[in-house]
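Novice: this is a predicted model, with the sequence first.
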Amino acid sequence: MSDKKYVLAIDQGTTSSRAIVFDHSGRVVSVGQMEHEQIFPHPGWVEHNAAEIWSNVREVIARALAGATQKTGEEVNHHDIAAVGVTNQRETTIVWDKNTGEPVYNAIVWQDTRSQDLVDRLAAEGGPDRWRPMVGETLSTYASITKLMWILENVPGVRERAEAGDLLFGNPDTWVIWNLTGGVNGGLHITDVTNASRTMLMDLKTLSWREDICAAAGIPMSMLPEIRSSAEVYGECRQDGLLAGVPVAGDLGDQQAATFGQACFEPGMAKNTYGTGCFMLMNTGTEPQPSTNGMITTVCYKIGDQPTVYALEGSIAVTGSLIQWLRDNLKIIDSSPDVEALAASVEDNGGVYFVPAFSGLFAPYWKGDARGAIVGMTRYNTKAHIARAALEATAFQTREVLDAMEADSGVKLEQLRVDGGMTANNLLMQFQSDVLGVPVVLPVVAETTALGAAYAAGIAVGFWSGTQDVINNWQEDKRWAPAMDGAERDRQLRLWKKAVTRTFDWVDGDVK
């Protein structure tokens, strides 16, 4: 592998697809990025066009290679790429025809809440935790299982085609890898253990699909991809593409990839990714840690045939997307970065608390019938207070997740490693440290999601020797230390929790 200079990561995210070229030091050489359409057919429904996503992935690969060529002054092409790693928005559900490559319906996104009635149906026998001991999470609209059930039960002709063996299911990693490795001409139908662990269909200990759960959900086993480790050579990119012959060798769900890229390899280490949603993962070692406080037990990563590493995860549905909502729906800012200056124009939130339960409440509450609320408003308040409350909501939600995680693990967090787009917001990061009461640390390379996928792929082909190279490459860029008085922290948390309770049980027979 000595003649190869780079690893390329494909990061298929909720709002955009990116391809990033990394060098051996883990630094970004070039980036190609394209947003895709967010489709909202009904309240609570969120969809993507899977064909658009694959088209964009091909385009961003071209942009990344062209950018690397421009930056280095030397042509960068598939001959220079040691491996490709893939990371993706998890839970998002795609079903397509293996013979034509055509999706049978739009991708149903992880935020989508349309399948609550299916959740209730599955929970009617055994309760919402009926499969938690095997799969690590409570029944909710979040996991892939009920999204896949919805497609099978509501799209005409799909069940018959699925039972005939003509349809394939996958999260976006599976869809991208299938197309990347040939599509209808021999494309690999695979996923990795981290993505499989977010479907509610995989046994966390055996790392295999549960036939009994599939039977209860009415899901044909023939639709499911083969489960592989997170770092191994799966196959090669199709010969008619820009990455012809390059090994596809890494696959991790986005939050697990970020944990890997943040070098959280020791039990008790945690990271939080600030993106469309917010996701905190804590490494719990080689045994799955059951949660009694609303956390998800998930696979963190698995390198080849090495032992599986597990994590506790707290998933928050709406963080960065709340800022987009201020921009696109309320139009109180022109661009997302403008929110910091607007929020900083007031000294505090003016008593306003914003609970963005747009998709219900995820961790630690798991209330699908909650809806968003802005509380504590008086005529004194301005749009600046709403902007500040929106930013602070991310920090408050993160604190609640951390409390639950510490209760489950018995480990007190010493610092929180952070990444994602919202880390550019200094006001938010300082408030996050204040609310947590521990330092918040940002690495030099903040693109840790794509970086983690690159590391997994590079380790699989020997471009990097192992996790020690990841640790050696990780460098601190910025640190925020807590400065808030303890009594003030307690007061704000008390009011936040009061605000959260106002969102409970909002959806009933008359409210959709």
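Specialist: Here it is on my side, so go on. Residues are numbered from 1 along each chain as shown.

Novice: give me the buried positions along stretch 347-367.
Specialist: 349-350, 352-367 (16 or more other Cβ atoms under 10 Å). For the C-beta atoms, the positions are set from N, CA and C on the backbone; glycine is no exception.

Novice: for this protein, which helix extends over the most residues?
Specialist: The longest helix of the chain (DSSP state H) is helix 383-409.

Novice: which strands and helices lie in contact with that one?
Specialist: Helices and strands touching helix 383-409, by 3 or more Cβ pairs under 8 Å, 6 or more residues apart in numbering; DSSP states H and E, are strand 270-274, strand 278-285, strand 309-316, helix 320-325, helix 338-344, strand 353-355, helix 426-436, helix 486-501.

Novice: now it and helix 426-436, what's the angle there?
Specialist: Helix 383-409 and helix 426-436 are oriented at 40 degrees to each other (axes from the mean of the first three to the mean of the last three Cα atoms, to 10 degrees).

Novice: hey, C-alpha coordinates of whichever helix or strand comes after helix 383-409 in PDB?
Specialist: Sequence order places strand 416-419 as the next helix or strand after helix 383-409, per DSSP states H and E. The C-alpha trace of strand 416-419 is given here as PDB (Å, rounded to 0.1, in the frame of the first residue of the first chain):
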ATOM      1  CA  LEU A 416     -16.700  15.500  26.300                       C
ATOM      2  CA  ARG A 417     -15.200  15.300  22.800                       C
ATOM      3  CA  VAL A 418     -17.300  17.200  20.300                       C
ATOM      4  CA  ASP A 419     -17.600  17.400  16.500                       C
END
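
Novice: who does strand 416-419 pair up with?
Specialist: Sheet pairing of strand 416-419 (DSSP bridges) gives strand 270-274 (parallel), strand 440-443 (parallel).

Novice: need those strands in a markdown table (columns: mean pLDDT and distance to residue 172).
Specialist: Formatted as a markdown table, the strands paired with strand 416-419 follow (pLDDT from 0 to 100; distance: least, Cβ to Cβ, whole Å):
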| stretch | mean pLDDT | distance to residue 172 |
| --- | --- | --- |
| strand 270-274 | 91 | 16 |
| strand 440-443 | 95 | 25 |
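
Novice: tell me the most buried of those strands?
Specialist: Mean neighbours per residue, mean count of other Cβ atoms under 10 Å, is largest over those for strand 270-274, with a mean of 28.

Novice: what are the contacting residues of it?
Specialist: Among residues not part of strand 270-274, those counted as contacts by Cβ atoms under 8 Å, 6 or more residues apart in numbering are 254-255, 258-259, 262, 264, 278-283, 319-320, 394, 398, 402, 405, 413, 416-423, 428, 448-449.

Novice: which parts of the longest helix of the chain are buried?
Specialist: For helix 383-409, the neighbour count (16+ other Cβ under 10 Å) marks 383-402, 404-406, 408-409 as buried.

Novice: relative to residue 422, how far out is the residue lying farthest from the centre of the chain?
Specialist: In the chain, the residue that sits farthest from the middle, by Cα atoms, centre = their mean, is residue 379; the gap is 38.0 Å. Distance of residue 379 to residue 422, given as Cβ to Cβ, to the nearest Å: 30 Å.

Novice: confirm for me that residue 116 is in contact with residue 139.
Specialist: No - the pair residue 116 / residue 139 is not scored as a contact, 10.1 Å apart, by Cβ atoms under 8 Å.

Novice: the two: who's more crowded?
Specialist: Ranked by neighbour count (other Cβ atoms under 10 Å), residue 116 and residue 139 place residue 139 first, with 25 against 16.

Novice: I'd like to know how far that one sits from residue 123.
Specialist: The gap separating residue 139 from residue 123 is 5 Å, by Cβ to Cβ.

Novice: same deal with residue 421?
Specialist: In terms of Cβ to Cβ, residue 421 sits 35 Å off from residue 123.

Novice: number of residues surrounding residue 485?
Specialist: Neighbours of residue 485 under the rule other Cβ under 10 Å: 10.

Novice: how close does it get to residue 389?
Specialist: From residue 485 across to residue 389, the span is 20 Å (Cβ to Cβ).

Novice: phi, psi for the residue nearest to residue 107 when sequence neighbours are not counted please.
Specialist: Leaving aside its chain neighbours, residue 107 sits nearest to residue 48 (4.3 Å; criterion: Cβ to Cβ, 6 or more residues apart in numbering). As for residue 48, its main-chain torsions (degrees, to the nearest 10) stand at phi -130, psi 160.

Novice: do you know the pLDDT at residue 48?
Specialist: On pLDDT, residue 48 comes in at 98.

Novice: hang on, isn't it packed against residue 37?
Specialist: Yes - using Cβ under 8 Å, residue 48 is in contact with residue 37, at 7.1 Å.

Novice: the two - which one has more neighbours?
Specialist: Using other Cβ under 10 Å as the criterion, residue 48 and residue 37 rank with residue 48 on top: 23 against 11.

Novice: doesn't residue 342 make contact with residue 383?
Specialist: Yes - with contact defined as Cβ under 8 Å, residue 383 reaches residue 342; the gap is 6.9 Å.

Novice: who touches both of the two?
Specialist: Common neighbours of residue 383 and residue 342 (Cβ under 8 Å, 6+ apart) are residue 332.

Novice: where's residue 472, which helix or strand?
Specialist: Per DSSP H and E, residue 472 falls inside helix 467-473.

Novice: neighbours of residue 307, how many?
Specialist: Taking other Cβ under 10 Å as the criterion, the count of residues near residue 307 is 10.

Novice: okay, the residue nearest to it when sequence neighbours are not counted and residue 196: tell me how far apart.
Specialist: Excluding the flanking residues, the one nearest residue 307 by Cβ to Cβ, 6+ apart is residue 286, at 4.6 Å. Noted for residue 286: a distance of 18 Å to residue 196, by Cβ to Cβ.

Novice: residue 55 now?
Specialist: Taking Cβ to Cβ as the measure, residue 55 falls 26 Å from residue 196.
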